[in-house]
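# below: sequence and its predicted model.
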Amino acid sequence: MIKWSESILDNEAIPDRPEKSLRHCIILTQTAFGFIMENAERELDEDYKIGLTIYTEANKYFARAVILGENYMSQRYHGFDEWLNYSPNKDINFGNDDVEALYWLAAAYGGAVSSSRGNPEWVIQLPKVGKLLDKALEIDPNWNYGSLYSAMIPYSLSRPDAPVNASDVAEGYYRKAIIASGGSDLSSHVSYAENVLIASQNRSEFVRLLTFVLESNHRGIKELEVGNYLAKKRAQWLLGRTEELFY
């Protein structure tokens, strides 16, 4: 995945087929989240300067993924950029087959914001993550075993218009994600533990949930294999930092 992503990143040309743009957007986003961002977070504790350098590298992947994802949607829908930028006179009738692209473009934007480490150029783009996810949820809320619900867990806490009870809202999405996947999507457990349980300092539930993830042996759902593998790796890392995260 890393070698494939590097070749995509090195090629500055926009693919001639929109489907290829979307595929490249997905590969870049998966690689940046699953490997580069993970390395950046781990390195930050050991060598802050090197950690920041890796975050900068991840941001290149996400920025390119945003361009490719927007290219795909713009070729499908004239005026997509206006819609995404909250033009009051623009509405688009998206269909079920657009949910995947809406999700991955939202993920690319979210990754770009996170990896920018507070860069205003990207931080102001955060509302777009919510617009894309909200539209996808409106079309098919249970898409891909509850992936949209899982994505809403961290976004519910970071969105600019977050309600006072944001933690309760995030927990609600977590419960929906579990139902949608039948408990097979381990990433929802990790996201809830990392974003909600640390904030509420619920150490016992944090340890219980991440231990459950590590001991789980969910197989058979191909679409969740990579995500579950990465979820287990992150659960193990988070458990190793329990003493730092709880006081």
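Good, I have the coordinates.
# switch to C-alpha atoms for all contacts and neighbour counts from now on
Will do.
# what mean pLDDT does the longest helix belonging to the chain have?
Looking across the chain with DSSP state H, the single longest helix is helix 48-76. Averaging pLDDT along helix 48-76 gives 96.
# gap between that helix and the chain center?
With Cα atoms, centre = their mean, to the nearest Å as the basis, helix 48-76 stands 12 Å off its chain's centre.
# buried ones in it?
Buried residues in helix 48-76, defined by neighbour count with 16 or more other Cα atoms under 10 Å: 51-52, 54-73.
# helices and strands around that helix, which ones?
Contacts defined by 3 or more Cα pairs under 8 Å, 6 or more residues apart in numbering; DSSP states H and E place helix 48-76 against helix 2-10, helix 18-31, helix 37-46, helix 80-84, helix 99-115.
# most tightly surrounded among those?
Mean neighbours per residue, mean count of other Cα atoms under 10 Å, is largest over the helices and strands packed on helix 48-76 for helix 99-115, with a mean of 25.
# list the buried residues for the helix or strand following that one?
Remark: after helix 99-115, the chain's next helix or strand is helix 120-123, criterion DSSP states H and E. Neighbour counts over helix 120-123 (16+ other Cα under 10 Å) mark 122, 123 as buried.
# contacts for helix 120-123, please.
Residues outside helix 120-123 that contact it (Cα atoms under 8 Å, 6 or more residues apart in numbering): 112, 113, 116.
# repeat that for 6 Å
Outside helix 120-123, the residues that touch it by Cα atoms under 6 Å, 6 or more residues apart in numbering are residue 113.
# quick one: distance of that helix to the chain centre.
17 Å.
# now it: average pLDDT?
The average pLDDT within helix 120-123 is 96.
# which helices and strands does the helix or strand that comes right after it pack with?
Per DSSP H and E, the first helix or strand lying C-terminal to helix 120-123 is helix 126-139. Contacts defined by 3 or more Cα pairs under 6 Å, 6 or more residues apart in numbering; DSSP states H and E place helix 126-139 against helix 99-115.
# restricting to C-alpha, output the helix it packs on in CSV.
The C-alpha coordinates for helix 99-115 follow below in CSV (Å, rounded to 0.1, in the frame of the first residue of the first chain):
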residue,chain,number,x,y,z
VAL,A,99,-21.9,7.2,-0.3
GLU,A,100,-18.5,5.6,-0.7
ALA,A,101,-17.0,8.8,-2.3
LEU,A,102,-18.7,11.1,0.3
TYR,A,103,-17.2,9.0,3.1
TRP,A,104,-13.7,8.8,1.7
LEU,A,105,-13.6,12.5,0.8
ALA,A,106,-14.7,13.3,4.4
ALA,A,107,-11.9,11.0,5.7
ALA,A,108,-9.3,12.7,3.5
TYR,A,109,-10.4,16.2,4.7
GLY,A,110,-10.4,14.9,8.3
GLY,A,111,-7.0,13.5,7.9
ALA,A,112,-5.7,16.7,6.3
VAL,A,113,-7.0,18.7,9.3
SER,A,114,-5.5,16.4,11.9
SER,A,115,-2.1,16.1,10.2
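# nice, that's everything, thank you.
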